[in-house]
Structures are given as C-alpha cells and as structure tokens.
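Q: no sequence on this one, just coordinates:
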C-alpha cells in the first residue's frame, strides 16, 4: 500500500506530461524557450508562436532532434503569428485546432521591453520632462500594452474552445486545462530600475499581472484555471541581447551588472550577476501544469529582488 503511494509521488509520475498539448507565445526565445523546452523534455507536444517562421522552425528542429536522439516523446512545432491582434488570436487558435483536438495549457508569455528612459541628472521639472516625456515615444506605450497585456486577453478567449475540449480527453484526469500569464515582478515594483527603466513595460506588466486573478474568477464556470508567473531577472534576449547560442540559450555577460540587487540565488563566481535559470523556470512550470489546486495566483520568481526594492507585491 505505502509503496503505491510513494510511486505516485515520484517526480517521474507527477511531472510526466505525455499527452499534454501546450501553446507558448514567444516560445522560441528567452523565458518562452525555457518554458517550451521544459514541457518538451517531460513529454508534452508544444506549439511555439513567434514573429518569424524560419526562426521557429530552426529552434523546433534542434530540440526535436535532441528529443528523438534521447528517446523523449515530446515534440515542438513553430507557428508564425503576431500576438497583438484579435484577428491573429483567432487565426492561431484555428490553425492549432487543425493540428490537435485540444489544448491543455496556453502560456501567454510573449513580451517586449521598449520606451526606456535615462534617469535625469538634476532634480528639475525640465530635466524630468525631457527624460520621461520628450524622450519616450508615444508608440512605445501602444506596442507594450498590445503585446504584453491586450494580446493575452484576445488569445485567452480565442483558445477557450480548445481548452474546454481537453476536459473530454483521456489526460483530463491528470491535468486541468489552464492559462498561464507571464507578467513580471515589475507589475508590482515601485522602482523603475528593476524594469529596465521603462514605464511602458511597468504599465503593461501591471495590467496583465492584475488581470490574471480577474480572468481566473471569470472562467470559474468553465473549469479553466488562470495563473501567472512573475519573473525577475532571467538571462534572455531581453536582458542579454545577442548572446544566444545555437540552442537559443542566452548567457549573461560576465562584465554586465544589473541596475538592482538580486539577493537570493545559487552561488556565483565573483563579479558574475545573479540571474534566474531555465532550471528555476522549468521547476515552476512543471508545478503549475501538474497542480490542480492553484487558481488565480501569480507566483513571484525573482530571487528576492522585491524584498530589497520597494513594491506592492
């Protein structure tokens, strides 16, 4: 009897995602790739969405070849799409619906960071207006909100029929249908230094961070959960542009330091920046997919950054 209990609680059983179908926007780079590669490694079929089909196909081939070589059942497929628009959300759901009967989990992960300001060098109204107003393009707010907050709204509802169909699948007894939003610790920060000095980014991540619980409440009658991930500093093309290797994994430059403190992390060499890794993100992703009992929550995964900087989290 006890041996049966222990067997059900092993990591290999808890996190065996064979049969799971996942959609990950921005799934070919950065945190999105951390999510999609974790899902694939544990047996899921993963559809990654991004702006260029050729880039998606290249990443998918690399990881599919590795999965086949190691005998893993998971596979990855790329679909080009622009997550900002309502029409694209519907088209993407229809395209994926042609390839699979259902979707287990939708990761609304794609995001951009634009509209950065340079902190004023003097405490004058003129200096502040130049830094925060004159030098910030109006379009940076529009594009940040569309990509980081509005797009996930359209995608959430466009994919509801496929998520609902999962409940009639053989795998429904193990995994509940779910939507996972990638917000950011910067949806709650009071210090723009932790947000790449971008108010458009902070505004948009605050919007999707707070919308997560509202959408979870709204979808209760459907039995479809909505949860969120609020990352801190992770190594990605957003934080370390141009450093990705042939597998799409980025590396934080040894001589680069963040504008804020990350107090909690595994030991690092002197002079190296503490950052989140694919193992950190992957462990959280597996927890969210496998857990039935969490709904309407956003998990902060920031290495303790919000313990050091003022926030409302």
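A: Yep, that arrived. Computed from a predicted model, the values in this text were never measured in an experiment.

Q: List the buried residues of the longest helix along the chain.
A: Ordering each helix of the chain by length in residues (DSSP state H) puts helix 199-218 first. The neighbour-count criterion (16 or more other CB atoms under 10 Å) identifies 199-209, 211-213, 215-216 as the buried residues of helix 199-218. C-beta: built from backbone N, CA, C; applies to glycine.

Q: Considering those residues, which is situated nearest to residue 137?
A: For the buried residues of helix 199-218, the closest approach to residue 137 (CB to CB) belongs to residue 200, at 9.0 Å.

Q: re the thing from before, nearest to residue 98, of the buried residues of helix 199-218?
A: Distance from residue 98 was checked for each of those by CB to CB. The minimum falls on residue 215, at 25.9 Å.

Q: wouldn't the closest one be in contact with residue 179 here?
A: Yes. Look at residue 215 against residue 179 with CB atoms under 8 Å: they come within range, at 7.2 Å.

Q: Helix, strand, or coil at residue 272?
A: When the structure is reduced to helix, strand and coil (DSSP: H, G, I helix; E, B strand; the rest coil), residue 272 reads as coil.

Q: distance between stretch 268-278 and the chain's centre?
A: Put simply, stretch 268-278 sits 20 Å off its chain's centre (CA atoms, centre = their mean, to the nearest Å).

Q: what's the first-to-last distance across it?
A: For stretch 268-278, the first and last residues are 16 Å from each other (CA to CA, to the nearest Å).

Q: which stretches of the protein form strands?
A: When assigned using DSSP state E, the strands of the chain occupy the ranges 21-25, 45-50, 75-80, 105-108, 178-182, 225-231, 298-301.

Q: Pipe these into TSV and attach distance to residue 313 and mean neighbour count per row.
A: Formatted as TSV, those follow (distance: least, CB to CB, whole Å; neighbours: other CB atoms under 10 Å):
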stretch	distance to residue 313	mean neighbour count
strand 21-25	24	28
strand 45-50	28	26
strand 75-80	33	20
strand 105-108	20	29
strand 178-182	15	26
strand 225-231	8	24
strand 298-301	6	20
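
Q: could the ones you listed go into JSON lines alongside mean pLDDT and distance to residue 279?
A: Converted to JSON lines, the strands of the chain look like this (pLDDT from 0 to 100; distance: least, CB to CB, whole Å):
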{"stretch": "strand 21-25", "mean pLDDT": "98", "distance to residue 279": "17"}
{"stretch": "strand 45-50", "mean pLDDT": "98", "distance to residue 279": "18"}
{"stretch": "strand 75-80", "mean pLDDT": "98", "distance to residue 279": "19"}
{"stretch": "strand 105-108", "mean pLDDT": "98", "distance to residue 279": "18"}
{"stretch": "strand 178-182", "mean pLDDT": "98", "distance to residue 279": "17"}
{"stretch": "strand 225-231", "mean pLDDT": "98", "distance to residue 279": "14"}
{"stretch": "strand 298-301", "mean pLDDT": "98", "distance to residue 279": "12"}
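
Q: Can I get these in JSON lines including distance to residue 93?
A: Formatted as JSON lines, the entries for those read as follows, by distance: least, CB to CB, whole Å:
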{"stretch": "strand 21-25", "distance to residue 93": "9"}
{"stretch": "strand 45-50", "distance to residue 93": "11"}
{"stretch": "strand 75-80", "distance to residue 93": "11"}
{"stretch": "strand 105-108", "distance to residue 93": "9"}
{"stretch": "strand 178-182", "distance to residue 93": "12"}
{"stretch": "strand 225-231", "distance to residue 93": "17"}
{"stretch": "strand 298-301", "distance to residue 93": "24"}
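
Q: Nearest to residue 154 among these would be which one?
A: Checked against CB to CB, the stretch from the strands of the chain lying closest is strand 105-108, at 9.6 Å.
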